[in-house]
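Visitor: Output the structure for:
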Amino acid sequence: MFNNKARNQNFATAIPNTNEQSNIYLSARREWNERYGSYISQTRNWQIIATFSLCVAAIACVGLAWVGAQSKITPYVVEVDKLGDAVAVGIADKAATPDTRVIRAQLANWITNVRSVYFDAAAQNKAVNDAYALIGSSSPAFGTLADFHTNFQPFERAKTESVSISVQSVLPITKDSYRIEWREEVRQRDGQLISNTNWQAQVGISIVPPTEESKALINPMGIVINSLSWSQRI
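Guide: Numbers count the residues shown, from 1 in each chain. Now for the predicted structure:
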């Protein structure tokens with residue numbers, strides 16, 4: 001009896017307590033988390049910061065490249081007297097509104113380019129290009145002119161007839177609108193007169209200084225036609 005009881009006590013002490021063993025593992029895991037978890041967390045934070053810094057640096061590089069690509073040259077217009085001394089200086093892209101006489105002359109030249117029909121294909125092509133150079137690309141005037149050239153194709157008309165324009169007047173209606181009156185003379189290729197009619201047009205304009213050399217050569221004053229309507233005078 002005594003021996004059996006002793007063996008039972010020895011066997012009970014030989015088996016570890018499950019709760020104590022579980023606490024040991026939990027304590028070990030807790031110690032691991034406390035020792036290395038902070039390192040993992042710090043590494044993750046540094047990775048986030050590094051990624052954010054790279055994004056900021058990339059945006060800054062793109063911005064610097066865009067700023068560097070912009071023109072830093074400011075053109076000036078210098079007026080000189082007959083002795084060559086400067087009498088007036090102004091920034092070219094902030095120049096004053098062109099004189100009314102200049103606008104009238106350019107509008108007269110424009111209506112001539114729009115309505116004329118030449119037998120010479122090169123001259124006709126130049127007239128069409130110069131006409132569109134004064135038209136706002138997204139304006140109602142562009143659609144009006146495009147419809148006119150679609151219905152009365154100048155290159156097709158040049159196969160049988162020519163149209164010569166004689167501008168009679170260009171008068172301001174308001175600050176930004178003008179009335180143009182002209183005479184159209186249509187002749188056959190052999191010179192025989194077909195018709196001689198009077199026309200009038202009303203155009204709305206704005207002043208947009210050119211920023212490209214190619215446009216400045218054609219339209220140096222930056223006169224842009226935004227609205228256009230014309231009709232034959234009785």
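
Visitor: Sketch out the low-pLDDT regions of the chain for me.
Guide: Low-confidence segments of the chain, defined by pLDDT under 70: 1-42, 67-96.

Visitor: Okay, domains of it per the record?
Guide: As given by automatic domain parsing, the domain ranges for the chain are 20-47, 98-233.

Visitor: With Trp66 as the reference, name the closest of these.
Guide: With Cβ to Cβ as the measure, domain 98-233 is the member of those nearest Trp66 (16.9 Å). Just so you know, the C-beta spots here come from the backbone N, C-alpha and C atoms, and that holds for glycine as well.

Visitor: just the domains of the chain: most buried one?
Guide: Highest mean neighbour count of the domains of the chain: domain 98-233, a mean of 15 (counted as mean count of other Cβ atoms under 10 Å).

Visitor: Packing partners of the lengthiest helix in the chain?
Guide: Criterion DSSP state H: the longest helix present in the chain is helix 38-69. Helices and strands touching helix 38-69, by 3 or more Cβ pairs under 8 Å, 6 or more residues apart in numbering; DSSP states H and E: there are none.

Visitor: after whichever strand or helix holds Asn125, next one along is what?
Guide: Secondary structure from DSSP states H and E places Asn125 in helix 121-132. Once helix 121-132 ends, the next helix or strand along the chain (criterion: DSSP H and E) is helix 140-151.

Visitor: for the protein, what spans make up the strands?
Guide: Under the criterion DSSP state E, the chain contains strands at 76-80, 86-91, 161-174, 177-188, 193-207, 223-233.

Visitor: Now Ser116: closest residue in space, sequence neighbours ignored.
Guide: Ile165 (5.2 Å; Cβ to Cβ, 6 or more residues apart in numbering).

Visitor: Would you format the domains of the chain as CSV with distance to Ala58 included?
Guide: Below are those laid out as CSV (distance: least, Cβ to Cβ, whole Å):
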stretch, distance to Ala58
domain 20-47, 17
domain 98-233, 30
